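Trainee: Sequence first, then the predicted structure:
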Amino acid sequence: FDAGDVMALAYQYVLREKFQVAVTADALSTLLGESPYAVLNTWLPKNEVKAAYELYKQVYPGFLKREGRLFDGVAQVLAQLHGQGVCTGIVTSQTRARTGMVLKLLPALSSAAEVLVTYDDTVGRKKPDPYPIQLAVSRLSTKPGTVFFVGDSISDIEDIHRAGAITVAVAWGLTPLPLL
């Protein structure tokens, strides 16, 4: 699952429908690890950002329900890993509340998350800070070099390298594989 696609659609809707600002998914892709205020402030005057953020919070769940899905084969891979006793988890820059919405929508992802590290666990330490990955490794009671992390953005890959974990780059996000 890539929250970036859903977030980009919700941001585009808010900016286009409420503020008549057209923004491409490519333009948004470099900002999706930032706070909603920072993303919206890129295209809106400061006095309009709060209203835009409130609208974004209202429309995001609808976009998530319509567009949220696991990528082909992910549920099967997670089930195979679980069946082989491999621990799996989620490290995300999303809040626990937003991650909870995703996990309710995607039960295969929810059942695979033995470890969950969200923004709420790492406030102030965001990509490309390796701390969120280090925290997940610690919660798994293992060492970074024995853990695979999947990333679909440049900042994901930087996080993984800085944490000393094994990188698996995937091209299902907004960043083309050659850039990863």
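Mentor: Yep, it's here.
Trainee: The residue of the chain positioned farthest from its centre in helix, strand or coil?
Mentor: For the chain, the largest distance from the centre (C-alpha atoms, centre = their mean) belongs to Asn47, which lies 27.4 Å off. Secondary structure for Asn47, judged by DSSP: H, G, I helix; E, B strand; the rest coil, is helix.
Trainee: What separation do you get for it and Thr167?
Mentor: From Asn47 across to Thr167, the span is 42 Å (C-beta to C-beta, to the nearest Å). All C-beta spots, glycine's among them, are computed from the backbone N, C-alpha and C.
Trainee: before we move on, what about Val21?
Mentor: 35 Å.
Trainee: for the chain, what spans make up the helices?
Mentor: 3-13, 19, 25-29, 36-41, 46-67, 74-83, 96-105, 107-112, 131-139, 154-163 (DSSP state H).
Trainee: Not counting the fourth one itself, show me its contacts.
Mentor: When contacts are taken as C-beta atoms under 8 Å, 6 or more residues apart in numbering, the neighbours of helix 36-41 outside the stretch itself are 11, 14-15, 28, 31-32, 49, 52-53, 56-57.
Trainee: ok, these vs Lys127, which is closest?
Mentor: Ranked by distance to Lys127 (C-beta to C-beta), the contacts of helix 36-41 are led by Leu32 at 9.8 Å.
Trainee: what's the pLDDT at that closest one?
Mentor: On the pLDDT scale, Leu32 is placed at 72.
Trainee: same thing with the one 4 residues further on?
Mentor: According to the per-residue confidence, Pro36 scores 86 in pLDDT.
Trainee: Could you list the low-pLDDT ranges of this protein?
Mentor: 1-2, 174 (pLDDT under 70).
Trainee: would you turn the helices of the chain into JSON lines with distance to Tyr119?
Mentor: Output for these, formatted as JSON lines (distance: least, C-beta to C-beta, whole Å):
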{"stretch": "helix 3-13", "distance to Tyr119": "12"}
{"stretch": "helix 19", "distance to Tyr119": "26"}
{"stretch": "helix 25-29", "distance to Tyr119": "18"}
{"stretch": "helix 36-41", "distance to Tyr119": "12"}
{"stretch": "helix 46-67", "distance to Tyr119": "15"}
{"stretch": "helix 74-83", "distance to Tyr119": "22"}
{"stretch": "helix 96-105", "distance to Tyr119": "7"}
{"stretch": "helix 107-112", "distance to Tyr119": "17"}
{"stretch": "helix 131-139", "distance to Tyr119": "8"}
{"stretch": "helix 154-163", "distance to Tyr119": "13"}
